[in-house]
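Asks: coords please:
(one chain, ligands or ions: 1)
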Amino acid sequence: MPQESRPDAPANPAAKLWGGRFSEATDAFVEAFTASVGFDRRLYAQDIAGSIAHATMLADVGVLTQAEAEAIRSGLEEIRAEIEADRFDWSVAREDVHMNIEARLIDKIGETGKKLHTGRSRNDQVATDIRLWLRDAIDALLVQLRLYQRGLLDLAEREHATVMPGFTHLQTAQPVTFGHHMMAWYEMLERDAERLTDCRSRVNRLPLGAAALAGTGYPLDREMTARLLGFEGICRNSLDAVSDRDFAIEFTASAALIMMHLSRQAEELILWTSAQFAFIDLPDRYCTGSSIMPQKKNPDVPELVRGKTGRVYGHLMALLTLMKGQPLAYNKDNQEDKEPLFDTVDTLAGSLRAFADMVPNLRVNADQLLQATRRGFATATDLADYLVGKGLAFRDAHEVVGRAVWLASQRGCDLADLELDELRGFDARIGPEVYELLTPEGSAAARDLPGGTAPAQVLARIAEAREHLARVAPAT
Ligand code: ARG
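Replies: Numbering: from 1, shown residues only. As a prediction, this is how the structure comes out:
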């Protein structure tokens with residue numbers, strides 16, 4: 001119910017930390033509409049850590065006494081415990097996480113609590129909180145991502161010599177090894193990890209000290225606050241510090257790329273589990289059945305990851321659009337940065353967690369993969385390359401093999417099923433050794449150059465990747 005306007009009545013200054021200049025209470029709808037505590041309470045730990053660092057620094061530069069800073073510290077620690085024990089009374093009237101915690105501090109420790117906000121604004125406070133939160137979120141995501149990469153290395157190693165059809169246009173192209181295919185996924189994730197790590201260093205800068213927008217007259221030691229909070233440095237311009245959300249956009253863009261990668265992988269997993277492909281089986285614990293069709297085992301988890309990719313793209317667009325029209329410096333619009341960011345992190349964390357366990361535990365149907373490789377003339381290029389070795393120009397060899405493929409397709413057989421005499425009919429230089437090349441294994445083994453699909457190359461790349469991971473992300 002909207003509250004009555006009371007121009008004649010005094011506002012209740014006790015209700016709001018900013019109530020001094022107001023002569024009527026906030027409209028109840030407006031109070032609910034502008035409040036963010038419903039979602040930004042997720043920042044409580046960062047808000048408290050930021051406040052403790054700020055108070056510690058204020059005492060160090062003599063703005064607070066050590067005793068005051070200590071009272072603030074212990075009051076905030078108690079509040080943290082209340083929140084974690086679910087004993088904290090969150091209030092919409094107190095708008096956001098920052099004012100809920102500050103008001104509670106004042107309730108608890110009285111006058112000294114009112115000094116915490118010296119030389120600070122919610123503008124630099126909230127920017128600090130989100131950066132701290134996102135930094136931790138990135139670290140947790142990197143742990144999941146590295147776990148998934150390690151799982152892929154194990155799977156790739158197990159299946160380094162298992163042949164399967166490689167596709168272009170989803171048509172059979174050339175034999176590849178299953179391990180090589182898994183390593184393609186690994187490389188995608190490696191770039192993703194680089195992007196997250198790179199983004200992290202721009203997230204990890206301190207806004208505090210910017211205050212509302214212009215800095216503050218108190219002699220704050222920003223470098224000290226930065227050190228206390230583990231930031232790599234301070235934001236260099238106060239206007240930019242309170243209004244910049246590039247770091248959130250950049251992170252969400254990296255997250256969108258990761259989801260795109262997972263979605264591509266999901267699409268392949270879904271195809272490969274279908275009865276028509278039957279290349280792999282997913283662990284039962286990652287699938288569900290149908291309420292009507294008893295035979296069904298549905299790949300729900302990859303399907304959901306593919307489906308969830310859209311919402312992360314949406315969040316990226318939301319954040320870009322949020323920022324595009326904002327004049328300097330802080331605008332309330334920025335309160336809208338949190339939900340997209342939180343949901344991006346949650347969606348990505350869940351998707352990575354699922355893949356890190358599901359994919360390395362999939363079962364490869366090697367026999368089916370081999371049979372599938374034998375259909376679709378996957379070794380036609382090998383025959384052409386063989387003829388080049390016998391002195392034909394590649395274009396002529398291509399033509400010769402094309403005719404051989406035509407004959408085999410008329411017969412409904414593979415190239416390797418044609419008699420030697422029949423092959424010689426296309427070119428007399430063909431000898432019996434050709435059959436070795438026409439096997440999927442021979443074809444894959446021939447692509448023995450760095451980045452190629454030969455089992456030896458796959459093993460070499462796995463070893464390199466293991467060394468790299470041991471260096472950049474030692475297993476804990
Ligand atoms: N809840 C606000 C946000 O999320 C905190 C900053 C509010 N600052 C202000 N001047 N109203 O952005």
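Asks: Make sure residue 41 is indeed in a helix.
Replies: Yes. Counting by DSSP: H, G, I helix; E, B strand; the rest coil, residue 41 is part of a helix.
Asks: State which helix of this structure is the longest.
Replies: Ranked by residue count and defined by DSSP state H, the top helix of the chain is helix 122-158.
Asks: The stretch 301-450 of the chain: strands as residue ranges?
Replies: 363-364 (DSSP state E, counting those that start in this stretch).
Asks: Now it against the ligand: closest residue?
Replies: Nearest residue of the stretch 301-450 of the chain to the ligand: residue 335, at 3.6 Å (Cβ to the nearest ligand atom). Heads up, the C-betas are built off the backbone N, CA and C, glycines and all.
Asks: got the contact list for residue 438?
Replies: 379, 382, 383, 414, 415, 416 (Cβ atoms under 8 Å, 6 or more residues apart in numbering).
Asks: Backbone dihedrals for it, please?
Replies: Note on residue 438: backbone dihedrals following degrees, to the nearest 10 are phi -80, psi 0.
Asks: report the angle between the axes of the strand or helix carrying residue 183 and helix 122-158?
Replies: Using DSSP states H and E, residue 183 maps to helix 178-203. Taking axes from the mean of the first three to the mean of the last three Cα atoms, to 10 degrees, helix 178-203 and helix 122-158 form an angle of 160 degrees between their directions.
Asks: Paired strands for whichever helix or strand comes after helix 178-203, with orientation please.
Replies: Next helix or strand after helix 178-203 toward the C-terminus (DSSP H and E): strand 205-206. Counting by DSSP bridges, the strands paired with strand 205-206 are strand 233-234 (parallel).
Asks: picking that back up, does the ligand have contacts with the longest helix of the chain?
Replies: Yes. Applying Cβ under 6 Å from any ligand atom, one finds helix 122-158 touching the ligand at 122, 123, 126.
Asks: Quick one: mean pLDDT for that helix?
Replies: For helix 122-158, mean pLDDT rounds to 98.
Asks: Run the chain-centre distance for it.
Replies: Taking Cα atoms, centre = their mean, to the nearest Å, the mean C-alpha location of helix 122-158 is offset from the chain mean by 7 Å.
Asks: who does it touch, helix- and strand-wise?
Replies: Contacts defined by 3 or more Cβ pairs under 8 Å, 6 or more residues apart in numbering; DSSP states H and E place helix 122-158 against helix 44-60, helix 97-109, helix 178-203, strand 205-206, helix 238-243, helix 246-273, helix 338-358, helix 455-472.
Asks: if we go to 7 Å?
Replies: helix 44-60, helix 97-109, helix 178-203, helix 238-243, helix 246-273, helix 338-358, helix 455-472 (3 or more Cβ pairs under 7 Å, 6 or more residues apart in numbering; DSSP states H and E).
Asks: Adding mean neighbour count and distance to the ligand, write those out as JSON lines.
Replies: Shown next, in JSON lines, are these (neighbours: other Cβ atoms under 10 Å; distance: least, Cβ to the nearest ligand atom, whole Å):
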{"stretch": "helix 44-60", "mean neighbour count": "22", "distance to the ligand": "10"}
{"stretch": "helix 97-109", "mean neighbour count": "21", "distance to the ligand": "6"}
{"stretch": "helix 178-203", "mean neighbour count": "19", "distance to the ligand": "17"}
{"stretch": "helix 238-243", "mean neighbour count": "21", "distance to the ligand": "9"}
{"stretch": "helix 246-273", "mean neighbour count": "21", "distance to the ligand": "12"}
{"stretch": "helix 338-358", "mean neighbour count": "21", "distance to the ligand": "6"}
{"stretch": "helix 455-472", "mean neighbour count": "15", "distance to the ligand": "34"}
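Asks: what would those helices look like in JSON lines with mean pLDDT and distance to residue 232?
Replies: Putting the helices and strands packed on helix 122-158 into JSON lines (pLDDT from 0 to 100; distance: least, Cβ to Cβ, whole Å) gives the following:
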{"stretch": "helix 44-60", "mean pLDDT": "98", "distance to residue 232": "15"}
{"stretch": "helix 97-109", "mean pLDDT": "98", "distance to residue 232": "24"}
{"stretch": "helix 178-203", "mean pLDDT": "98", "distance to residue 232": "6"}
{"stretch": "helix 238-243", "mean pLDDT": "98", "distance to residue 232": "14"}
{"stretch": "helix 246-273", "mean pLDDT": "98", "distance to residue 232": "12"}
{"stretch": "helix 338-358", "mean pLDDT": "98", "distance to residue 232": "20"}
{"stretch": "helix 455-472", "mean pLDDT": "98", "distance to residue 232": "18"}
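Asks: Can you check which of these gets nearest to residue 316?
Replies: For residue 316, the closest of those is helix 246-273, at 4.6 Å, according to Cβ to Cβ.
Asks: so which two of the contacts of residue 438 are the farthest from each other?
Replies: Largest separation among the contacts of residue 438 by Cβ to Cβ: 382 and 414, giving 12.1 Å.
Asks: Neighbour count for those two, which is higher?
Replies: residue 382 (24 against 20; other Cβ atoms under 10 Å).
Asks: The more buried one contacts residue 443, correct?
Replies: Yes. Here residue 382 lies in contact with residue 443, judged by Cβ atoms under 7 Å, at a distance of 4.7 Å.
Asks: before we move on, the earlier item: quick one: the helices and strands packed on helix 122-158 as TSV, columns for distance to residue 319 too.
Replies: Below are those laid out as TSV (distance: least, Cβ to Cβ, whole Å):
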stretch	distance to residue 319
helix 44-60	19
helix 97-109	20
helix 178-203	13
helix 238-243	14
helix 246-273	5
helix 338-358	6
helix 455-472	28
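Asks: who wins for proximity to residue 76 among these?
Replies: Using Cβ to Cβ, those put helix 44-60 closest to residue 76, at 4.9 Å.
Asks: Give me the residues contacting the closest one.
Replies: Under the contact criterion Cβ atoms under 7 Å, 6 or more residues apart in numbering, helix 44-60 has outside partners 64-66, 68-69, 72-73, 76, 79-80, 83, 97-98, 101, 116, 118-120, 125, 128-129, 132-133, 208, 220-221, 224-225, 228-229.
Asks: filter those residues to the buried ones?
Replies: 64, 68-69, 72-73, 76, 79-80, 83, 97-98, 101, 116, 119-120, 125, 128-129, 132-133, 208, 220, 225, 228-229 (16 or more other Cβ atoms under 10 Å).
Asks: Local confidence estimate at residue 15?
Replies: Value for residue 15, per-residue pLDDT: 66.
Asks: Equivalent analysis for the one 10 residues further on, please.
Replies: The per-residue pLDDT reported for residue 25 equals 91.
Asks: Likewise for residue 114?
Replies: What the model reports for residue 114 is a pLDDT of 98.
Asks: Take the residues of helix 122-158 next to the ligand and lay them out in CSV including neighbour count.
Replies: Shown next, in CSV, are the residues of helix 122-158 next to the ligand (neighbours: other Cβ atoms under 10 Å):
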residue, neighbour count
122, 21
123, 21
126, 26
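Asks: Is residue 35 in contact with residue 92, as I believe?
Replies: Yes. Using Cβ under 7 Å, residue 35 is in contact with residue 92, at 4.7 Å.
Asks: the more surrounded of these two?
Replies: Legend: neighbour count by other Cβ under 10 Å for residue 35 and residue 92, higher for residue 35 (21 against 15).
Asks: The stretch 301-450 of the chain against the ligand: which residues are in contact?
Replies: Neighbours of the ligand within the stretch 301-450 of the chain, by Cβ under 6 Å from any ligand atom: 330, 332, 334, 335.
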